[in-house]
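missing the sequence, but the structure's below:
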Ligand SMILES: Nc1nc2c(ncn2[C@@H]2O[C@H](COP(=O)(O)OP(=O)(O)OP(=O)(O)O)[C@@H](O)[C@H]2O)c(=O)[nH]1
Ligand SMILES: [Mg+2]
Ligand SMILES: [Zn+2]
């Protein structure tokens, strides 16, 4: 491959810098923040707030919105090359194709689980993200979107009942409507000065919420929608946005069914904080809380001290993890 030619003026500038620098090889390296990963290229934000399309050095692995990197500008092309990634303090991933994992977001402080009134709130989905957050030791907020679709007192009461287990777990619950712009201030205040990621099923309204929080984005997303010819536009890559009052928010693609990383029975029990008072009280110390007699967890469910929905999601995850570990390794 031939070296790209620099103009005389550029060469002079580079030479000048080189003379001053003690470390010529890393002279042009600049810190940057990954805004999104398109697969072969990244959009990186420089410290000056410019967005640069960058190639990625092959050894770097999977980079994602929220990653901190060092990149080198290509003066001639106006692009860059990412050559180093910094250690992450947190990273959310999800299962991808053929047993691989897909990165969702890096360096996040909080996970915002977006659960929509329509098509419906599914405790199983919420619990799966709560387990992932517990695995990462990250806090969660439960963002209930599309509250404009709740019309009667009964609707609100039914919602409160569904959410009771989460309220009892001390999880922040933020009801919002991006459509009628309700609850947005509370949401923005809660997310300010943090890096958050919005997760949840496709159509939950994650992108709509970000649009509502950052008014300037309206134009960009409506244009995208026209391009696809669809009334809705599915997010395909995680993208980081800056919030007006401070803090960053990462939009992520919706998933049909999210799965946390497989773990052991005792680890999973540890991620269900509402099981805690009853652990160690079953007749068998390796009790899986399914068919065993004298099971303290099942008794707690019968006495409504543990919500049935929480017990069901625990059992489904346990069965899923077991099925994964017993699958032939070449599948
Ligand atoms: N009624 C109502 N509809 C909403 C609200 N927020 C979003 N929607 C609608 O829900 C649909 C999906 O919204 P999106 O923001 O694209 O959902 P998403 O979670 O980003 O979906 P993916 O990108 O596929 O993961 C759109 O048709 C929105 O108009 C709301 O507060 N109320
Ligand atoms: Mg979206
Ligand atoms: Zn038990």
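Sure thing, it's come through. Just so it is clear, the model here is predicted, and its values are computed rather than measured. Ligands and ions are numbered 1, 2, ... in the order given.

please identify the helix or strand for residue 156.
helix 153-168 (DSSP states H and E).

may I have the strands that pair with the helix or strand following that helix, each with its orientation?
Using DSSP H and E, the next helix or strand after helix 153-168 towards the C-terminus is strand 172-175. Next to strand 172-175 in the sheet, as set by DSSP bridges, lie strand 140-145 (parallel).

does the strand it pairs with reach ligand 2?
No: Strand 140-145 lies out of reach of ligand 2 by Cβ under 5 Å from the ion, never closer than 11.6 Å. For glycine as for every other residue, the C-beta is placed from the backbone atoms N, C-alpha and C.

now for residue 217, how many residues are close by?
Residue 217 is flanked by 15 other residues according to other Cβ atoms under 10 Å.

ok so, going back, what about the helix holding residue 156, distance to the chain center?
25 Å (Cα atoms, centre = their mean, to the nearest Å).

and that helix, average pLDDT?
Averaged across helix 153-168, the pLDDT comes to 97.

the stretch 201-331 of the chain: helices as residue ranges?
Taking DSSP state H, counting those that start in this stretch as the test, the helices found in the stretch 201-331 of the chain are 206-213, 217-228, 265-271, 296-302, 308-326.

so which of the ones you listed gets nearest residue 94?
With Cβ to Cβ, the closest approach to residue 94 among those belongs to helix 308-326: 13.5 Å.

phi, psi of the one residue sitting closest to the centre of the chain?
For the chain, the residue nearest the mean C-alpha position is residue 197 (4.2 Å; Cα atoms, centre = their mean). Torsion angles at residue 197 (phi, psi; degrees, to the nearest 10) stand at phi -130, psi 140.

against ligand 3, how distant is it?
In this view, residue 197 and ligand 3 are 34 Å apart by Cβ to the ion, to the nearest Å.

ok, that residue to ligand 1 distance?
Residue 197 sits 12 Å away from ligand 1, going by Cβ to the nearest ligand atom, to the nearest Å.

wait, that residue sits on residue 113?
No: if you go by Cβ atoms under 8 Å, residue 197 and residue 113 don't touch, sitting 9.8 Å apart.

stretch 99-115 close to ligand 2?
No: using Cβ under 5 Å from the ion, stretch 99-115 never reaches ligand 2; the gap is at least 9.6 Å.

quick check: closest non-adjacent residue to residue 88.
Leaving aside its sequence neighbours, residue 88 sits nearest to residue 106 (Cβ to Cβ, 6 or more residues apart in numbering; 4.7 Å).

for that neighbour, give me the pLDDT.
Reading off the model, residue 106 has pLDDT 98.

that one: neighbour count?
Counted by other Cβ under 10 Å, the residues lying close to residue 106 total 27.

what's the closest non-adjacent residue to residue 248?
Excluding its sequence neighbours, the residue lying closest to residue 248 (Cβ to Cβ, 6+ apart) is residue 195, at 4.6 Å.

list the contacts of the one you found.
Shown in contact with residue 195 (Cβ atoms under 8 Å, 6 or more residues apart in numbering): 66, 107-110, 240, 247-250.

please flag which of these sit within strands.
Within the contacts of residue 195, residues falling in strands by DSSP state E are 110, 240, 248-250.

if I look at residue 75, how far off is ligand 1?
With distances taken as Cβ to the nearest ligand atom, residue 75 is found 36 Å from ligand 1.

before we move on, what about residue 283?
According to Cβ to the nearest ligand atom, residue 283 and ligand 1 sit 44 Å apart.

over to residue 314?
The gap separating residue 314 from ligand 1 is 26 Å, by Cβ to the nearest ligand atom.

check residue 194 too.
Going from residue 194 to ligand 1 by Cβ to the nearest ligand atom gives 20 Å.

same deal with residue 301?
32 Å.

isn't that residue right up against residue 309?
No: the pair residue 301 / residue 309 is not scored as a contact, 10.0 Å apart, by Cβ under 8 Å.

looking at the two, which one has more neighbours?
Shown here are residue 301 and residue 309; by other Cβ under 10 Å, residue 301 has more neighbours (20 against 16).
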